[in-house]
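A.B. asks: predicted model and sequence follow; I will ask about them next.
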Amino acid sequence: MTDEWRGWQEAAETALYGDGGFYRSPEGPAGHFRTSVHASPLFASAVARLLLRTARELGTDSVDLVDLGAGRGELLTGVLAALPAVGADGLAVRAYAVEIAARPAGLDPGIEWCAEPPPGTHGLLFANEWLDNVPTDVSETDADGVDRYVLVRTADGTERLGEPVTGADAEWLRRWWPSAGPGSRAEIGRPRDEAWAQAVSTLSGGLAVAVDYAHAREARPPFGTLTGFRSGREVRPVPDGSCDLTSHVALDACAAAVDAGAGAPPEVLTQREALHHLGINGERPPLALASTDPAGYVRALASAGEAAELTARGGLGDFGWLMHRKDSPAGA
């Protein structure tokens, strides 16, 4: 890292994914922040049900499961373990973990570790908190109403305004995140649109799901959402490789970037809604169970608490789930 000034996209790309970058560290994302995957095994069970549902819609008992931004394989490990419990013990699953870091020791040898999503997969592609770590440039509107790129000094995170935003980035801002006036900021989500469209294109049939903190065009945050995380705490975003760099995702723009082709229109739900559809609702067990089966009541109560965290308003339940269904080509 140097003291040179860069746009946020370039600076974050190096800080997160370059040699010695944050996501190359051995502890992985779980060492710094807690996702739904780490909050409860119920999340993996829900994804297992979604995989089974996808297989049934495809009319097959053999499917691919692609975990995009797999961390250290925690979600895939949980899903494979949950399959018998959700009635999918007869389902043959080819599991792919897509991650730039090295394969962790002790991972199930049946999970294939790869740097890019394999082409032609048939089943479920799942990207949990992946798009928020696809770096974007940041813009700020100056006193004259001109949108300018924000430059950052990699050593300490100091910022200054650079050149006006032009071309495809300016078009993206006009369509998806128009300025709220001088001093307002935006994260230019065009690289995320392109990354998601590319990921969905690798799926020959089935369901692609992106799960992330999100916002919609009618309610964009006027000063952006770029922040950092380190060791479980939110910190000032400095692109020196010492912290995660993340910002919320314009899932509506990502949805529009994908050619629907053969398949249903994209759908965006909250995580609360999506998990309810998959049997996770956070309802407390009936109190009568405490007298007839005390141990079962305690287990059910703990499960309800975990489900409540996954679906909580103002927390994980507010995540967006962007879903694209793709029909299989004729003869597939």
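C.D. replies: Thanks, I have the structure now. Numbers count the residues shown, from 1 in each chain.
A.B. asks: contacts, neighbours, all on C-alpha from now
C.D. replies: Fine.
A.B. asks: roughly how far does residue 243 sit from residue 224?
C.D. replies: 18 Å (C-alpha to C-alpha, to the nearest Å).
A.B. asks: those two: who's more crowded?
C.D. replies: For residue 243 versus residue 224, the count of surrounding residues by other C-alpha atoms under 10 Å is larger for residue 243: 24 against 17.
A.B. asks: who's in contact with that one?
C.D. replies: If you count contacts by C-alpha atoms under 8 Å, 6 or more residues apart in numbering, residue 243 has them with 22, 228, 229, 230, 235, 237.
A.B. asks: tell me which of those residues fall in strands.
C.D. replies: Mapping these onto strands (DSSP state E) picks out 228, 229, 230, 235.
A.B. asks: which of those are buried, as a PyMOL select command?
C.D. replies: Burial among those is assessed by 16 or more other C-alpha atoms under 10 Å; the matching PyMOL selection reads:
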select buried, resi 228+229+230
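A.B. asks: before we move on, back to that, among the contacts of residue 243, which two are most distant?
C.D. replies: The distance between the two most remote of the contacts of residue 243 (C-alpha to C-alpha) is 14.1 Å, for 22 and 235.
A.B. asks: was I right about residue 16 contacting residue 23?
C.D. replies: Yes: in this structure, residue 16 is within contact of residue 23 by C-alpha atoms under 8 Å, at 5.4 Å.
A.B. asks: between the two, what contacts are shared?
C.D. replies: residue 244.
A.B. asks: where does the prediction get shaky in the stretch 1-150 of the chain?
C.D. replies: Applying pLDDT under 70 to the stretch 1-150 of the chain flags the ranges 1-3, 27-34, 39.
A.B. asks: show me where it has its helices.
C.D. replies: Along the stretch 1-150 of the chain, counting by DSSP state H, counting those that start in this stretch, helices occupy 8-17, 36-39, 41-58, 74-82.
A.B. asks: quick one: closest of these to residue 98.
C.D. replies: Ranking those by their distance to residue 98 (criterion: C-alpha to C-alpha) puts helix 74-82 first, at 10.7 Å.
A.B. asks: tell me the angle the closest one makes with helix 41-58.
C.D. replies: Orientation of helix 74-82 against helix 41-58 (axes from the mean of the first three to the mean of the last three C-alpha atoms, to 10 degrees) gives an angle of 70 degrees.
A.B. asks: going along the chain, name the strands of the stretch 151-300 of the chain.
C.D. replies: Secondary structure of the stretch 151-300 of the chain, counting by DSSP state E, counting those that start in this stretch: strands at 159-164, 185-188, 203-212, 227-230, 233-235, 244-246, 267-270.
A.B. asks: pLDDT of the fifth one, averaged?
C.D. replies: For strand 233-235, mean pLDDT is 92.
A.B. asks: nearest residue to the middle of the chain?
C.D. replies: Nearest to the mean C-alpha position of the chain, by C-alpha atoms, centre = their mean, lies residue 129 at 2.3 Å.
A.B. asks: now do the phi/psi pair for that one.
C.D. replies: Note on residue 129: its backbone torsions stand at phi 50, psi 50 [degrees, to the nearest 10].
A.B. asks: what's the closest non-adjacent residue to it?
C.D. replies: residue 212 (5.0 Å; C-alpha to C-alpha, 6 or more residues apart in numbering).
A.B. asks: give the contact list for residue 274.
C.D. replies: Shown in contact with residue 274 (C-alpha under 8 Å, 6+ apart): residue 321.
A.B. asks: before we move on, back to that, mind listing what the residue nearest to the centre of the chain touches?
C.D. replies: Applying C-alpha under 8 Å, 6+ apart to residue 129 gives the contacts 35, 69, 210, 211, 212, 213.
A.B. asks: by neighbours, which of those residues wins?
C.D. replies: The most crowded member of those, judged by other C-alpha under 10 Å, is residue 212 (27 neighbours).
A.B. asks: ok so, going back, name the nearest of the contacts of residue 243 relative to residue 49.
C.D. replies: For the contacts of residue 243, the minimum distance to residue 49 (C-alpha to C-alpha) is 31.1 Å, reached by residue 229.
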